[in-house]
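**Student:** Here is the input, now give the coordinates:
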Amino acid sequence: MRQKLYTILIALAALAMYTSASAQTAAVGDKFKADNLYYVITKLSPAEVEVASQHNGSPRWDETEMPTGDVVIPATVRYNEIDYAVTAVRDFTFNECGGLTSLTIPRTVRSIGLYTLAREAFSLTQFIVDEANPDFLSEDGVIFNKDTTILVAMPAGKTGSYTMPNTVKRIRRYSCSKARISSINFSNSLEVIEYMSFSGCKNLTSLSFPATVTTIEGFAFIGCSSLTTITLPEGLTSIEDHAFSDCIGIASITLPASLTSIGKGAFINWKALTAFTVADGNPAFSSDDTGALFNKDKTTLLQIPKGNKSITAYTVPATVTGIEYPGFTGCDNIINITLPEGLTSIGDEAFLGCGRLKEINCLVADPESITMGADVFIYIPKGTAENPCILKVPVGSKEKYAAADQWKDFMPGIVEEGTGLASLTSHGIRVWGGKGVIKIVPPNFLKGEFGADVKVYDLTGTLVRTLPLGGGDILVANIPAGKYIVKIGDAAEKVVVR
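**Tutor:** Got it, this is the predicted structure:
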């Protein structure tokens with residue numbers, strides 16, 4: 001009896017030593033494979049793991065290791081004789097797994113990572129969550145938090161029309177990205193649509209948001225290329241950067257009076273867009289008769305509608321001091337643009353893709369007074385390119401433009417025409433051209449107010465004549481036929497000599 005008891009004690013001690021040794025060989029951060037899934041140890045006591053992809057970077061799976069079909073995540077998994085609770089699914093875990101058809105989440109999972117649930121798996125039609133899970137549930141194949149106030153994930157293979165529960169207040173980032181639904185009925189409690197939540201949903205054809213929605217975050221509907229109508233609700237206050245980028249089929253949009261913030265590129269690359277309409281009473285935005293979008297007092301030009309093919313020449317209003325991205329981006333129908341005298345800033349890529357632009361008439365006398373973003377004139381033919389765009393600038397400013405960053409790229413196509421200066425006529429100075437002559441009739445007080453010289457330029461900006469300013473009429477003789485700019489001090493006038 002004593003010998004038998006001794007043998008049992010020795011066996012128990014050996015087992016304890018083996019178990020202890022096994023535990024000591026595991027460490028937080030270790031990754032291992034069990035069945036067809038990979039796990040990372042996050043805790044040793046209690047023993048916990050998270051489901052992870054095979055590799056940490058892209059590609060995240062070898063082709064032969066990638067899970068396919070109906071995948072069931074277990075509640076516990078054994079490694080080195082220790083049972084670990086599976087508590088989370090990490091970011092990007094199943095993102096590349098295009099062969100999944102269903103995914104089951106156990107009761108133990110408390111966290112589901114972003115962009116993790118098979119955005120490329122168009123055969124994936126349902127998520128199944130264990131009813132005992134305290135944090136998540138599934139309904140109609142879609143994952144929600146337990147009280148269904150947050151939509152967590154929709155399978156990419158879901159098709160047709162979808163109606164979400166009326167309790168949903170937020171749609172989580174990436175949650176419905178690339179889903180194949182053709183229409184969606186939003187919750188009447190919905191408040192926030194998060195970043196990239198419906199990006200790439202190419203089958204959606206229309207969107208109508210409930211009055212409860214206040215915020216549409218960045219890239220939320222980017223690439224929804226089949227959309228033809230969007231109805232924005234009164235109550236919406238913010239549309240963030242690129243929220244509706246590349247929705248190429250939308251012809252018009254009405255911005256509600258409540259909307260006070262529009263992020264950069266929110267409506268960029270709307271190829272069919274003919275007009276922005278701003279609701280009466282909007283305190284932040286306005287539009288003009290061409291359908292262009294401005295801030296309220298028209299000091300900032302925000303976007304020209306790309307699909308309005310009737311706009312071939314556009315004069316930026318004199319009130320505008322800034323042109324922001326996207327500005328004229330993609331307006332390949334415009335051939336002539338006039339920039340106002342008071343312009344002080346132009347944003348990044350504001351004229352990107354204006355490939356048919358033939359003439360820019362800039363009335364600003366000094367290009368250094370304009371703050372330039374990056375690549376303002378990118379992809380506009382200019383300089384020595386075939387059929388280059390000509391840059392027309394005020395008399396006396398050609399050299400400044402020829403030396404200024406980005407503007408100098410138009411050389412040798414920078415010419416001086418138009419003045420950007422006050423008119424001589426407005427100062428009581430009469431100027432006209434005749435046959436081979438230019439006549440100037442100044443008032444008696446002119447010399448003291450304007451200075452001592454009269455300067456005559458041709459339209460290339462070349463100074464062709466300088467005369468002293470006297471008390472009487474001035475005749476500039478022996479001038480070849482053509483167009484000239486007569487400049488006295490800070491005022492000028494264009495004349496034609498026969």
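**Student:** Could you measure from residue 487 over to residue 479?
**Tutor:** 15 Å (Cβ to Cβ, to the nearest Å). Quick note: C-beta positions are derived from backbone N, CA and C, even for glycine.
**Student:** cool, and residue 192?
**Tutor:** Taking Cβ to Cβ as the measure, residue 192 falls 69 Å from residue 479.
**Student:** ditto for residue 203
**Tutor:** Shown here: residue 203 relative to residue 479, a distance of 68 Å by Cβ to Cβ.
**Student:** neighbour-wise, which of those two wins?
**Tutor:** Each of residue 203 and residue 479 has its neighbours counted (other Cβ atoms under 10 Å); residue 479 has more, 20 against 16.
**Student:** in what helix or strand does that one lie?
**Tutor:** Using DSSP states H and E, residue 479 sits in no helix or strand.
**Student:** Check it and give its pLDDT.
**Tutor:** Looking at residue 479, its pLDDT stands at 89.
**Student:** try residue 55
**Tutor:** Value listed for residue 55 in the pLDDT field: 95.
**Student:** can you tell me the helix or strand for it?
**Tutor:** Judged by DSSP H and E, residue 55 forms part of no helix or strand.
**Student:** so where do the strands sit in the stretch 301-450 of the chain?
**Tutor:** For the stretch 301-450 of the chain, the strands defined by DSSP state E, counting those that start in this stretch cover 313-315, 322-327, 336-339, 345-346, 359-362, 371-372, 390-393, 414-416, 422-423, 430-433, 438-441.
**Student:** Compare the ones you listed and report which one is nearest to residue 156.
**Tutor:** strand 322-327 (29.7 Å; Cβ to Cβ).
**Student:** in its sheet, what does that closest one sit against?
**Tutor:** Sheet pairing for strand 322-327, assigned by DSSP bridges, gives strand 300-303 (parallel), strand 345-346 (parallel).
**Student:** Report the distance from the first one to the chain centre.
**Tutor:** Read that as strand 300-303. Its chain's C-alpha centre and that of strand 300-303 lie 14 Å apart, by Cα atoms, centre = their mean, to the nearest Å.
**Student:** Could you do stretch 144-154 as well?
**Tutor:** 28 Å.
**Student:** and what of stretch 347-366?
**Tutor:** Taking mean C-alpha positions (Cα atoms, centre = their mean), stretch 347-366 and its chain are 20 Å apart.
**Student:** Buried residues in it, which are they?
**Tutor:** For stretch 347-366, burial by neighbour count (16 or more other Cβ atoms under 10 Å) applies to 347-354, 356-365.
**Student:** circling back: with respect to burial, which of the strands paired with strand 322-327 scores highest?
**Tutor:** strand 300-303 (a mean of 24; mean count of other Cβ atoms under 10 Å).
**Student:** what's in contact with that one?
**Tutor:** 262, 267-268, 276, 285, 292-295, 316-317, 320-324, 326-327, 329 (Cβ atoms under 8 Å, 6 or more residues apart in numbering).
**Student:** I'd like the average pLDDT over it.
**Tutor:** Here strand 300-303 scores 98 as its mean pLDDT.
**Student:** What of stretch 488-498?
**Tutor:** 80.
**Student:** Could I have the CA atoms of that stretch written out in CSV?
**Tutor:** Output in CSV follows, covering the C-alpha atoms of stretch 488-498 (Å, rounded to 0.1, in the frame of the first residue of the first chain):
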residue,chain,number,x,y,z
ILE,A,488,1.1,105.6,-65.4
GLY,A,489,1.9,104.8,-61.8
ASP,A,490,-0.5,102.2,-60.5
ALA,A,491,-3.1,102.6,-63.3
ALA,A,492,-3.2,101.3,-66.8
GLU,A,493,-5.3,101.1,-70.0
LYS,A,494,-5.3,98.9,-73.1
VAL,A,495,-5.3,100.6,-76.5
VAL,A,496,-5.3,99.5,-80.1
VAL,A,497,-3.0,101.2,-82.7
ARG,A,498,-4.0,101.0,-86.3
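**Student:** can you list the domains in the chain?
**Tutor:** Per automatic domain parsing, the structural domains of the chain span 27-157, 422-497.
**Student:** among these, which is nearest residue 393?
**Tutor:** Using Cβ to Cβ, the domains of the chain put domain 422-497 closest to residue 393, at 7.8 Å.
**Student:** Residue 430 pairs with what?
**Tutor:** residue 441.
**Student:** That one touches residue 438, doesn't it?
**Tutor:** No: at 11.3 Å, residue 430 and residue 438 do not qualify as touching, with contact defined as Cβ atoms under 8 Å.
**Student:** Between these two, tell me which one has more neighbours.
**Tutor:** Between residue 430 and residue 438, counting by other Cβ under 10 Å, residue 438 is the more crowded of the two (23 against 13).
**Student:** now the helices: where do they sit in the stretch 301-450 of the chain?
**Tutor:** 398-403, 446-450 (DSSP state H, counting those that start in this stretch).
**Student:** Who are the packing partners of the first one?
**Tutor:** Read that as helix 398-403. strand 414-416 (3 or more Cβ pairs under 8 Å, 6 or more residues apart in numbering; DSSP states H and E).
**Student:** so what strands line up beside the strand it packs on?
**Tutor:** Strand 414-416 is paired, per DSSP bridges, with strand 390-393 (parallel).
**Student:** Output the partner strand as PDB - backbone C-alpha positions only.
**Tutor:** Extracted in PDB, the C-alpha atoms of strand 390-393 (Å, rounded to 0.1, in the frame of the first residue of the first chain):
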ATOM      1  CA  ILE A 390      -1.100  80.400 -71.900                       C
ATOM      2  CA  LEU A 391      -0.800  82.300 -68.700                       C
ATOM      3  CA  LYS A 392      -1.900  86.000 -69.100                       C
ATOM      4  CA  VAL A 393      -0.700  88.300 -66.400                       C
END
